[in-house]
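> Show me how the following folds:
(2 chains)
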Amino acid sequence: RKEVEQDPGPFNVPEGATVAFNCTYSNSASQSFFWYRQDCRKEPKLLMSVYSSGNEDGRFTAQLNRASQYISLLIRDSKLSDSATYLCVVNDRAGGYQKVTFGIGTKLQVIP
Amino acid sequence: EPEVTQTPSHQVTQMGQEVILRCVPISNHLYFYWYRQILGQKVEFLVSFYNNEISEKSEIFDDQFSVERPDGSNFTLKIRSTKLEDSAMYFCASNRQAPLISSGANVLTFGAGSRLTVL
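Have a look, this model is predicted:
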């Protein structure tokens, strides 16, 4: 099983649609979780951290399910500017240091 | 907003040549990382560095790779003898996080990347 697994997509959605991405992780002891956004040929940039109670930032909602070992990202009212690849990122401990593992990313294309 | 800076933005080199990629992490950050991303593939961890030594490295980070923090600001990745398969985008990242604490301080900030093309 891959350490961090995502559906690579692409997800093609019309403007204004709601879209959800899931990500599963293999290490039940993983400590912290993030969604990063990566535009084509650019660096990953933090979109939001994912907290156990779930959290919302404007049109974006992130949820964590530790029992099932998955995290999700919901985007409401999609904008053209949301088109990007969304990377699921998991932090683990590894010998006392943090180990950051990326999923392959889910590509979102918002269509006019 | 503080940022991680990387140079060069793009380097083209011949197979077998040595390459040094440079990074200036955010000034109050303590942990430094190199990642690479081959075109169309996922971001892969190479190495982490703390307190002037490697704290962890992946299987990708073999004897051809080395890292250094030669002064108080620069963090470099050296590839001794480049191979075609080393062609990728190399990202430097840093954070403040103490390793055993889970908090917002463990968010990674990435540089814009150095694109390496090996011919």
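
> How much space separates A:Ser68 from chain B?
Note on A:Ser68: its distance to chain B, by C-beta to the nearest C-beta, to the nearest Å, is 20 Å. Heads up, the C-betas are built off the backbone N, CA and C, glycines and all.

> phi, psi of that residue?
phi -100, psi 0 (degrees, to the nearest 10).

> which residues does it contact?
Shown in contact with A:Ser68 (C-beta atoms under 8 Å, 6 or more residues apart in numbering or on different chains): A:Thr24.

> is it fair to say A:Ser53 lies in a strand?
No - assignment of A:Ser53 by DSSP: H, G, I helix; E, B strand; the rest coil gives coil, placing it outside any strand.

> Any idea how many residues pack against it?
7 (other C-beta atoms under 10 Å in any protein chain shown).

> Any part of the helix or strand containing B:Met89 near chain A?
According to DSSP states H and E, B:Met89 maps onto strand B:88-95. Yes - counting by C-beta under 8 Å from any C-beta of the partner chain, chain A is contacted by strand B:88-95 at B:Met89, B:Phe91.

> burial measure for the closest residue to A:Ser81 other than its chain neighbours, as a count.
Nearest non-adjacent residue to A:Ser81, counting by C-beta to C-beta, 6 or more residues apart in numbering or on different chains: A:Val110, 7.9 Å away. Using other C-beta under 10 Å, A:Val110 has 20 other residues around it.

> Partner strands of the helix or strand harbouring A:Val110, with direction?
Secondary-structure assignment from DSSP H and E places A:Val110 in strand A:106-111. The strands beside strand A:106-111 in its sheet (DSSP bridges) come out as strand A:11-14 (parallel), strand A:84-94 (antiparallel).

> Give me the next element, helix or strand, following the shortest one.
This means strand A:11-14. strand A:19-25.

> Run through the neighbouring helices and strands of that next one.
Here strand A:19-25 touches strand A:4-6, strand A:11-14, strand A:70-75, strand A:84-94, strand A:106-111, going by 3 or more C-beta pairs under 8 Å, 6 or more residues apart in numbering or on different chains; DSSP states H and E.

> and A:Gln63, what element?
Applying DSSP H and E, one finds A:Gln63 within strand A:60-65.

> close to chain B, is that strand?
No - Strand A:60-65 is not in contact with chain B by C-beta under 8 Å from any C-beta; minimum separation 12.4 Å.

> Kind regards, and thank you for your time.
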